[in-house]
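J.: Pasting the sequence and the predicted coordinates here, then a few questions.
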Amino acid sequence: MSNSEPFIYLKYSEGSPTGWWYERVVPKLLRRPLGRRNFRRFLGANLNQAHWRYREVDEEVQRLLGLSTGTLQLRKREVRLVAKDCAREFQQQYPPASEWQLPGEEDLAELLVNAFRARGLVLDADCFPLARETFCAQLRQPLDHHKQPGGPTTVAGWVAQRSQRSNSAVGSELLWHRELKRLLSFSEVSLPAAVSEGAAWRWRNHLFANASTSTAQKRLTVIRAFYAQAYRQGMVAMNPFAGLEPLPLSPRPEPNLAPAFLQQLDGRFKADPIYLMVRILGLRSLEVAGLRPIDWGLQQGQPVLWIRSWGLQNEGRPCRAGQERCLPLPNCLHGLWKQCSGSAETPLWAEEGADGINRFAKRWAAAFRRQGGCSASALRRYRQSQWQIKGADGHVLNRLLGTLAASRQPGWDQVEGLEPWLQLAAEEFVVAQP
């Protein structure tokens with residue numbers, strides 16, 4: 001059940017007991033296979049408790065309907081899992097030193113059918129021999145008290161039990177429920193305890209292949225924590241994620257900034273002033289976001305751009321002393337200088353304040369990565385490599401890129417010696433444009 005669906009089968013009844021009930025009519029075509037006309041289960045007297053119990057019951061009912069229509073198939077390991085759990089329940093009914101007899105064929109069939117039905121499952125005739133064989137084999141084994149039968153058999157049941165044992169926010173519970181449902185759907189099983197070690201291995205690889213490293217690690221942590229706790233509490237016979245070896249991760253390769261790719265970027269973003277300053281001047285996106293009209297000045301009659309700190313504490317744009325610099329603007333950026341220069345002391349594009357500048361820089365960088373297939377930091381590294389290829393030494397690169405020492409260096413506001421390098425970058429940009 002998705003989070004947006006209403007509790008359409010939730011009813012309040014003043015019967016016995018009084019409280020909230022789950023009431024759902026079985027479709028006519030499924031009444032004979034299921035042997036019932038409707039599902040009616042008591043959820044609780046409290047509405048909040050009924051909401052969580054509703055998810056668990058609705059998941060069981062949906063599973064029963066899927067098994068009855070054939071859209072959901074019960075795997076062999078799920079049949080073995082339930083049969084073993086049923087055998088442990090049978091063993092617990094007798095004292096350890098007492099003697100017991102194996103149930104007859106009819107009693108055993110009724111015992112297994114009821115056990116599957118109590119877990120929201122259907123045991124058909126084809127799976128009965130496997131369930132009977134597994135049940136008898138488990139009875140020959142000594143009772144392992146760590147593997148306690150009768151635990152939750154639905155994702156909602158697992159989430160409800162964990163939320164009862166620890167203080168958790170509603171958002172965390174929804175995250176647990178969503179990730180476990182995704183795992184069951186990927187593994188093509190209906191019982192959380194039926195996830196095998198192979199399925200855990202494939203799920204881990206699937207996450208890292210289809211999401212970023214940080215996102216995949218967060219989602220995998222949720223599943224690992226769930227199964228580790230379930231194993232400690234005896235809800236599962238084994239933790240399928242316990243034996244997973246760390247996945248050797250390699251850094252994401254840099255995009256191929258070939259001339260054809262740069263020409264495509266230049267044609268698409270040539271009207272974006274943020275892109276122009278990152279592409280030609282090698283500025284950081286955060287530095288561009290904090291620019292004000294007063295930072296577009298003149299030095300000896302030539303347009304220049306000041307990268308510097310301004311404001312107090314969190315009200316402005318803090319900047320390390322080694323990052324402060326003055327850059328002469330090449331001819332291709334003189335038009336942009338005329339548009340942006342002025343006497344105002346508020347940011348040109350971002351909201352005023354450090355938080356507004358950071359938000360703008362992050363939004364622009366994320367949008368540029370999505371649309372261009374390249375990061376702003378990769379463009380900055382490309383600009384540095386091109387200057388190095390042309391012969392720029394370390395001191396010039398530090399002045400151009402703002403990577404000087406933490407303390408302010410003498411001559412940080414001078415532009416002598418920088419014009420040729422910025423003009424080379426501008427000429428490359430002009431040539432690359434279509």
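T.: Perfect, thanks for sending it. Numbering: from 1, shown residues only.
J.: Check the secondary structure at residue 306 for me.
T.: Assigned by DSSP: H, G, I helix; E, B strand; the rest coil, the conformation of residue 306 is strand.
J.: Find the centremost residue of the chain, please.
T.: residue 215 (4.1 Å; C-alpha atoms, centre = their mean).
J.: name the helices or strands packed onto the stretch of helix or strand that one belongs to?
T.: Counting by DSSP states H and E, the element that carries residue 215 is helix 213-232. Packed against helix 213-232, as judged by 3 or more C-beta pairs under 8 Å, 6 or more residues apart in numbering; DSSP states H and E, are the following elements: helix 155-165, helix 170-187, helix 197-210. In short, each C-beta sits where N, CA and C put it, glycine included.
J.: Now do the second one: distance to the chain's middle.
T.: It stands for helix 170-187. 11 Å (C-alpha atoms, centre = their mean, to the nearest Å).
J.: Was I right to think residue 116 contacts residue 122?
T.: Yes - Residue 116 is in contact with residue 122 according to C-beta atoms under 8 Å; the separation is 6.5 Å.
J.: Between those two, which has more neighbouring residues?
T.: Neighbours per residue (other C-beta atoms under 10 Å) separate residue 116 from residue 122, with residue 116 holding more: 23 against 18.
J.: Give the buried residues for the strand or helix carrying that one.
T.: Under the criterion of DSSP H and E, residue 116 resides in helix 105-118. Residues of helix 105-118 classed as buried: 108, 109, 111, 112, 113, 115, 116 (neighbour count, 16 or more other C-beta atoms under 10 Å).
J.: picking up where we left off before, what sits against the residue nearest to the centre of the chain?
T.: Contact criterion C-beta atoms under 8 Å, 6 or more residues apart in numbering gives residue 207 as the residues in contact with residue 215.
J.: What distance do you get for it to residue 208?
T.: Applying C-beta to C-beta, to the nearest Å, one obtains 9 Å for the distance of residue 215 from residue 208.
J.: cool, and residue 122?
T.: Between residue 122 and residue 208 the distance is 36 Å, computed by C-beta to C-beta.
J.: Show me which pair in the buried residues of helix 105-118 is furthest apart.
T.: Greatest spatial distance in the buried residues of helix 105-118: 108 and 116, 12.7 Å, computed using C-beta to C-beta.
J.: which other residues reach stretch 53-71?
T.: 1, 7, 9-10, 20, 22, 24, 26-27, 30, 33-34, 39, 41, 43-44, 72-74, 119-122, 152-157, 159-160, 177, 190.
J.: one more time with 7 Å, if that's ok
T.: Outside of stretch 53-71, the residues within contact range by C-beta atoms under 7 Å, 6 or more residues apart in numbering are 1, 7, 9-10, 22, 24, 30, 33-34, 39, 41, 43-44, 72, 74, 120-122, 154-157, 160, 190.
J.: worst-scoring helix or strand of the protein, pLDDT-wise?
T.: Lowest mean confidence among the helices and strands of the chain (mean pLDDT, DSSP states H and E): helix 155-165, at a mean of 68.
J.: pLDDT wise, what is the residue nearest to the centre of the chain at?
T.: pLDDT, residue 215: 82.
J.: Residue 155 versus that one, what's the distance?
T.: Here the distance between residue 215 and residue 155 works out to 21 Å (C-beta to C-beta).
J.: Count the neighbours of residue 188 for me.
T.: The criterion is other C-beta under 10 Å. On that basis, residue 188 has 11 neighbouring residues.
J.: how about it, what does it touch?
T.: Neighbours of residue 188 in contact, by C-beta under 7 Å, 6+ apart: none.
J.: Give me the distance between it and residue 203.
T.: 11 Å.
J.: how about the strand or helix carrying residue 264 as CSV, C-alpha atoms only?
T.: Under DSSP H and E, the secondary-structure element containing residue 264 is helix 259-269. Backbone C-alpha positions of helix 259-269 (Å, rounded to 0.1, in the frame of the first residue of the first chain) are rendered in CSV as follows:
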residue,chain,number,x,y,z
PRO,A,259,36.6,19.7,-28.0
ALA,A,260,33.3,18.4,-29.5
PHE,A,261,31.8,18.1,-26.0
LEU,A,262,33.0,21.5,-25.0
GLN,A,263,31.6,23.0,-28.2
GLN,A,264,28.2,21.5,-27.3
LEU,A,265,28.4,22.9,-23.8
ASP,A,266,29.4,26.4,-25.1
GLY,A,267,26.5,26.4,-27.6
ARG,A,268,24.0,25.4,-24.9
PHE,A,269,25.1,27.6,-22.0
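J.: This completes my enquiry, with thanks.
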